[in-house]
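1. I'll drop the sequence and a predicted model, then ask my questions.
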Amino acid sequence: MEDYKNIERSIIKRFRKEIWHPFVKAINDYQLIENHDKIMVCISGGKDSFLMAKCLEELKRHGKIDFELKYVVMNPGYSQKNIDLIKKNSRLLNIDLELFDTDVFEVANKLNPKSPCYLCARMRRGHLYNKAQELGCNKIALGHHFDDVIETTLLSMFYASEVKTMMPKLYSDHFKGLQLIRPMYLIKEKSIKDWVGYNRLTFLNCACSFTEKNDLEKNSKRKEIKSFIQLLREKSDEIDQNIFKSLENINLNCILGYRVDDKKVSFLDDYDINK
């Protein structure tokens, strides 16, 4: 049996509980894929997006939904070594991907050399939406996983003074009709790492030229939050689910205020109605 067949088999056999079941659950619970969807699968070169590509391929092969997949890699300015690794993995995993070049790293570093990350992220997203429109896709799939969701939640609370998270799907504000979906939403990072180790695979970790030069990982707020959650896990093995489930159980009677679009609502607005 060819290597990629064994890798595919491991998703639905060896990691059925840890990967395949939560993947299908996210697709169904959040209605991420519908008949006749044309989905652009965004592969960054990392473990998460490559696994997402294989899961979507498996769903298309054996699922009941009729949809189309386009596998795309946006090159924001990767080194040739990283490009070669992405191509090697695409061959190993039998993924027919399209790679297109951009100057995102160069432009972001030029316009804001001290802190290019925000601009880089916006530019990357814009290029992806444009590419999806060019391909005639109505959805863009990104490989964010369960840990990304709960980390983003705590990052927003601790450093942005708001309760907000990464949604399983959302419409683009600037590209009419395009939706972003996150099929890996319920899959834990540990399960992804276990899958990578089991199949002896090697993927890109961080290919950002700015990060490599400035060692931002050492002072990363996300890394800080990741370490904090790990510390909490040592005290409770339910902490991950508790953070996640809290976002589905917000009691509006017991919060000071909330926002709906640009409108801010205070608990005082209707406090005296039932006195």
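-> Arrived safely, thanks for sending.

2. Read off the pLDDT value for Asp101.
-> Listed pLDDT for Asp101 reads 89.

3. Can you tell me, leaving aside adjacent residues, what's nearest to it?
-> Asn75 (4.8 Å; C-beta to C-beta, 6 or more residues apart in numbering). (C-beta placed from N, C-alpha, C; glycine too.)

4. how deep is that neighbour tucked in, by neighbour count?
-> 18 (other C-beta atoms under 10 Å).

5. Equivalent analysis for Ser246, please.
-> That count, for Ser246 with other C-beta under 10 Å as the rule, works out to 14.

6. Next, the buried residues of stretch 158-175.
-> Burial within stretch 158-175, assessed by neighbour count using 16 or more other C-beta atoms under 10 Å, is assigned to Thr165, Met166, Pro168, Lys169, Ser172, Phe175.

7. ugh, wrong one, stretch 61-76
-> Buried residues in stretch 61-76, counting neighbours by 16+ other C-beta under 10 Å, are found at Phe67, Leu69, Lys70, Tyr71, Val72, Val73, Met74, Asn75, Pro76.

8. What's the first helix or strand after the helix or strand of the chain with the lowest mean pLDDT?
-> When the helices and strands of the chain are scored by mean pLDDT, DSSP states H and E, helix 209-214 comes last with a mean of 55. Next along the chain after helix 209-214, taking DSSP states H and E as the criterion, comes helix 221-233.

9. Centre of the chain to that following helix, how far?
-> 18 Å (C-alpha atoms, centre = their mean, to the nearest Å).

10. Only C-alpha atoms, please: export it in PDB.
-> Presented in PDB, the C-alpha positions along helix 221-233 are these (Å, rounded to 0.1, in the frame of the first residue of the first chain):
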ATOM      1  CA  LYS A 221       1.200  36.500  24.000                       C
ATOM      2  CA  ARG A 222      -0.300  33.400  22.400                       C
ATOM      3  CA  LYS A 223       2.500  31.200  23.700                       C
ATOM      4  CA  GLU A 224       2.000  32.800  27.100                       C
ATOM      5  CA  ILE A 225      -1.700  31.900  27.000                       C
ATOM      6  CA  LYS A 226      -0.900  28.400  25.800                       C
ATOM      7  CA  SER A 227       1.400  27.900  28.800                       C
ATOM      8  CA  PHE A 228      -1.200  29.200  31.100                       C
ATOM      9  CA  ILE A 229      -3.800  26.800  29.800                       C
ATOM     10  CA  GLN A 230      -1.300  24.000  30.200                       C
ATOM     11  CA  LEU A 231      -0.800  24.900  33.800                       C
ATOM     12  CA  LEU A 232      -4.600  24.900  34.400                       C
ATOM     13  CA  ARG A 233      -4.800  21.400  32.700                       C
END
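
11. No further queries at this time; thank you.
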